[in-house]
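J.: I would like the atomic coordinates for the input below:
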Amino acid sequence: MRRGKTLFKFNSNGTSMISLIIPPGEQITKTQKKLLEEAGKASNIKSRVNRQSVEAALTSTRERLKLYPRTPNNGLVIYCGTVFSEDGRSEKKYTIDFEPYKAINRSLYYCGERFDVEPLKSLLEDDQRFGFIVVDGNGSLYGILQGSTRTILQIIKVDLPKKHGRGGQSALRFARLREEKRHNYLRKVAELATQHFITNDRPNV
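T.: Take a look at the predicted model:
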C-alpha cells in the first residue's frame with residue numbers, strides 16, 4: 001500500500017486535490033462530461049488562487065483521461081492537484097493514474113484538501129472468508145468473517161431440559177429425554193452448518 005500511503009500524506013492549501021475513480025464498464029465520455037460540469041462550477045470560486053488551482057487540476061485530469069480510449073478492465077483511478085512538497089514550504093503539481101490490481105466497483109469524484117484513498121484501502125481487505133459457529137446450551141450462532149467485516153447469518157435458540165433431581169425410573173426417563181433432545185439439537189447444528197458453509201459438496205468459506 002506504499003502508493004496509498006504516499007497519497008494519504010499529501011494535502012493542499014485549498015480544495016484543489018481531485019480524486020477520481022471510474023468503475024469497470026463506465027464510459028470515459030461520461031466522466032469527461034462530469035469534469036466539464038465541475039469546471040463550470042469552479043468558475044464561481046471566490047478565491048482566485050484556489051479557483052485557478054481547481055481549474056488547473058480539472059484540466060490536467062481531463063488531459064490524462066484522453067490517454068484512455070476506454071475504461072480498463074479493473075477500472076481507472078486518477079489523483080491530481082496542487083499539493084505541498086515534502087518540506088511543507090512549497091507547492092507542486094501532482095498527477096497519477098493507474099488501473100487497480102483488482103476491480104474497484106464504485107464511482108467517485110471528490111475535490112478537497114486531501115486525496116480520498118479510502119476506496120484503495122478497501123481493495124486491500126482480505127478476500128478470504130472464514131465461517132464460524134458459536135454453540136452452547138442456549139443456542140447457536142452462524143457467521144462469516146471477511147477482512148474486518150463480520151456478518152451474522154443465523155441465530156437459533158434452544159431450550160434443553162435440565163437435569164432431573166428425582167431418582168428411580170423417573171430419573172432414567174428424564175435422562176433419556178434429555179439425551180434425545182441434546183442429540184437432536186446437535187444434529188440441527190450440523191445441518192445448519194452444512195446449509196450455510198457447504199455448496200455443491202464443497203466448502204464455500
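J.: Buried by neighbour count: which residues of stretch 176-193 qualify?
T.: By neighbour count on 16 or more other Cβ atoms under 10 Å, the buried set for stretch 176-193 is 185, 189, 192. The way it works is simple: take the backbone N, C-alpha and C, and place the C-beta from them, glycine included.
J.: again with stretch 196-205
T.: For stretch 196-205, by 16+ other Cβ under 10 Å, it's 196, 197.
J.: centre of the chain versus that stretch, how much separation?
T.: Offset of stretch 196-205 from its chain centre (Cα atoms, centre = their mean, to the nearest Å): 24 Å.
J.: Can you list the neighbours in contact with it?
T.: With Cβ atoms under 8 Å, 6 or more residues apart in numbering as the test, stretch 196-205 has contacts from 129, 130, 131, 142, 144, 153, 154.
J.: hmm, try it at 10 Å
T.: 128-133, 142-146, 153-154, 194 (Cβ atoms under 10 Å, 6 or more residues apart in numbering).
J.: And stretch 129-148, by the same measure?
T.: Contacts for stretch 129-148 (Cβ under 10 Å, 6+ apart): 122, 124-128, 149-160, 162, 182, 185-186, 188-190, 192-193, 195-198, 203-205.
J.: picking up where we left off before, which of the buried residues of stretch 176-193 fall in strands?
T.: With DSSP state E as the criterion, strands contain none of the buried residues of stretch 176-193.
J.: what mean pLDDT would you report for stretch 131-151?
T.: When pLDDT is averaged over stretch 131-151, the result is 87.
J.: mind listing what's buried in that stretch?
T.: 131, 133, 140, 142, 143, 144.
J.: for stretch 107-118, same thing?
T.: 109, 110, 111, 114, 115, 116, 117.
J.: From what I see, the last one and residue 104 are in contact.
T.: What that stands for is residue 117. No: under the criterion of Cβ atoms under 10 Å, residue 117 is not in contact with residue 104, lying 11.8 Å apart.
J.: Mind listing the shared neighbours of these two?
T.: The contact lists of residue 117 and residue 104 share residue 77, where a contact means Cβ under 10 Å, 6+ apart.
J.: which regions of the chain sit below the pLDDT cut-off?
T.: Scanning the chain for pLDDT under 70 picks out 1-14, 85-89, 124-127, 147-148, 163-169.
J.: What are the boundaries of the strands in the chain?
T.: Under DSSP E, the chain gives strands at 17-22, 76-84, 91-98, 108-112, 129-136, 139-146, 149-157, 198-199, 202-203.
J.: Name the strands paired with the third one and say parallel or antiparallel.
T.: Based on DSSP bridges, the strands next to strand 91-98 in the sheet, each with its direction, are strand 76-84 (antiparallel).
J.: Let me know the angle separating the partner strand from strand 17-22.
T.: 180 degrees (axes from the mean of the first three to the mean of the last three Cα atoms, to 10 degrees).
J.: where's residue 29 relative to residue 152, distance?
T.: Distance from residue 29 to residue 152, counting by Cβ to Cβ, to the nearest Å: 43 Å.
J.: Over to residue 33?
T.: Note on residue 33: its distance to residue 152, by Cβ to Cβ, is 42 Å.
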